Structure formats: structure tokens, C-alpha cells
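J.: Could you work out the structure for the sequence below:
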Amino acid sequence: MAVAKLTSKGQVTIPKLVRDSLNLHVGDKIEFTVIKNQAVITPVSKSIDEVFGKLYQAAKTAVPVKEFDKVIAKRMIEKFQ
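T.: Below is the predicted model:
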């Protein structure tokens with residue numbers, strides 16, 4: 001069980017165990033839901049607008065879908081033989 005202390009300003013540091021379990025990082029948003037005197041913490045998923053373009057790298061060339069299909073087919077054959 002992880003325990004945290006409430007400051008006079010109403011702030012809480014989420015214990016590392018909980019952050020790791022919920023895959024939380026600096027800047028992530030969380031939602032609190034109160035159910036029968038218990039608070040449930042839920043990570044707020046990022047919208048497509050927040051992550052759009054994050055993987056783009058100008059120096060890399062696009063890989064054709066046919067190449068992906070070949071690699072996937074090869075791995076499936078290897079896995080199920």
C-alpha cells in the first residue's frame with residue numbers, strides 16, 4: 001500500500017509505485033472520481049492532437065506498406081512453424 005501526505009495547499013505527491021503502475025510522467029493529467037468516500041485516480045488519455053507528429057523524423061524515409069507486410073508475414077511464419 002502506498003501512502004501520501006496532503007500539504008496545507010491541498011497538494012499530494014503521488015508515490016513512485018503508483019506513478020509507475022499507472023505509467024504516469026511529468027505533465028500527464030489525471031482524473032479523480034469519488035465513489036463512496038474513496039477516490040479513484042485514472043490517467044487521462046492524450047488526444048490525437050497532443051501526440052500528432054511526435055514520431056515524425058525528417059531524416060527518415062517512409063517505409064512502404066508492402067515492406068511491413070513482408071516482415072509481418074515472415075515473423076508469423078517463424079513464430080508458428
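J.: worst-scoring helix or strand of this protein, pLDDT-wise?
T.: helix 48-51 (a mean of 74; mean pLDDT, DSSP states H and E).
J.: For Leu22, give me its contacts.
T.: Leu22 is in contact with 30, 41, 43, counting by C-beta atoms under 8 Å, 6 or more residues apart in numbering. For every residue, glycine as well, the C-beta is placed using N, CA and C.
J.: what's the neighbour count on the nearest residue to Val40 once chain neighbours are set aside?
T.: The shortest distance from Val40 to any non-neighbouring residue, by C-beta to C-beta, 6 or more residues apart in numbering, is to Thr33 (4.6 Å). Neighbourhood size, Thr33 [other C-beta atoms under 10 Å]: 9.
J.: still on that earlier bit, mind checking how far the least confident helix or strand of the chain is from the chain centre?
T.: Put simply, helix 48-51 sits 13 Å off its chain's centre (C-alpha atoms, centre = their mean, to the nearest Å).
J.: And stretch 54-62, by the same measure?
T.: With C-alpha atoms, centre = their mean, you get 21 Å for stretch 54-62.
J.: How about stretch 63-79?
T.: The answer for stretch 63-79 is 26 Å, by C-alpha atoms, centre = their mean.
J.: Can you name the residues that contact the spatially most central residue of the chain?
T.: Among the residues of the chain, the one closest to the centroid is Asn23, at 5.7 Å (C-alpha atoms, centre = their mean). Contact analysis of Asn23 by C-beta under 8 Å, 6+ apart lists Pro43.
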